[in-house]
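> Attaching a predicted model along with its sequence, questions to come.
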Amino acid sequence: QVQLVESGGGLVQSGGSLGLSCVASGNIFNIDIMGWHRQAPGKQRELVAQITKNGVIDYTESVKGRFTISRDNAKNTVTLQMNSLKPEDTAVYYCNAPGVTSVSPQGAHFRFDYWGQGTQVTVSS
């Protein structure tokens with residue numbers, strides 16, 4: 001089993017900054033991709049940013065130039081620095097690690113997707 005624990009988030013005024021962190025722990029052999037999704041009230045969950053183990057990064061168009069994702073492979077952590085926040089960034093932000101490879105007691109490798117519990121980010125106008 002793998003756990004993703006998020007920290008950060010909160011309330012900030014428009015134009016302000018916030019940082020989110022996520023630590024993965026448990027039966028981890030390899031984590032290829034780590035990222036952040038968000039879900040605003042009444043909307044579908046959307047990908048915000050993701051980063052591969054080799055440092056390949058994708059951002060959704062609306063956050064490019066404002067958000068920065070980074071990762072520490074040795075510590076299984078991913079962070080999201082959010083600058084120039086806008087009210088439309090208000091959402092619950094979820095850490096995600098799709099396709100985490102773990103090892104069973106018998107030595108078999110298996111993959112599973114994991115999500116954090118979510119952290120609220122609220123940007124006031």
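Structure received.
> does the residue of the chain most remote from its centre belong to a helix or a strand, and which?
Most distant from the centre of the chain: Gln106, at 30.8 Å, with distances by Cα atoms, centre = their mean. In the assignment (DSSP states H and E), Gln106 maps to no helix and no strand.
> what's the spacing between it and Gln1?
According to Cβ to Cβ, to the nearest Å, Gln106 and Gln1 sit 16 Å apart. (Each C-beta comes from the backbone N, C-alpha and C, glycine too.)
> who's in contact with the residue farthest from the centre of the chain?
Taking Cβ atoms under 8 Å, 6 or more residues apart in numbering as the definition of contact, Gln106 has no neighbours.
> How confident was the prediction at it?
Predicted confidence (pLDDT) at Gln106: the value is 92.
> what's the distance between Val63 and Leu80?
9 Å.
> Common neighbours of those two, please.
48-49.
> Comparing the two, which shows the higher neighbour count?
Legend: neighbour count by other Cβ atoms under 10 Å for Val63 and Leu80, higher for Leu80 (26 against 21).
> got the residue ranges for the strands in this structure?
2-8, 10-13, 18-26, 33-39, 46-52, 57-59, 67-72, 77-82, 91-103, 109-115, 119-124 (DSSP state E).
> any chance of those strands in a markdown table, with mean pLDDT too?
Compiled in a markdown table, those are given as follows (pLDDT from 0 to 100):
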| stretch | mean pLDDT |
| --- | --- |
| strand 2-8 | 96 |
| strand 10-13 | 98 |
| strand 18-26 | 97 |
| strand 33-39 | 98 |
| strand 46-52 | 98 |
| strand 57-59 | 98 |
| strand 67-72 | 98 |
| strand 77-82 | 98 |
| strand 91-103 | 94 |
| strand 109-115 | 92 |
| strand 119-124 | 98 |
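> Having no further points to raise, I will conclude here.
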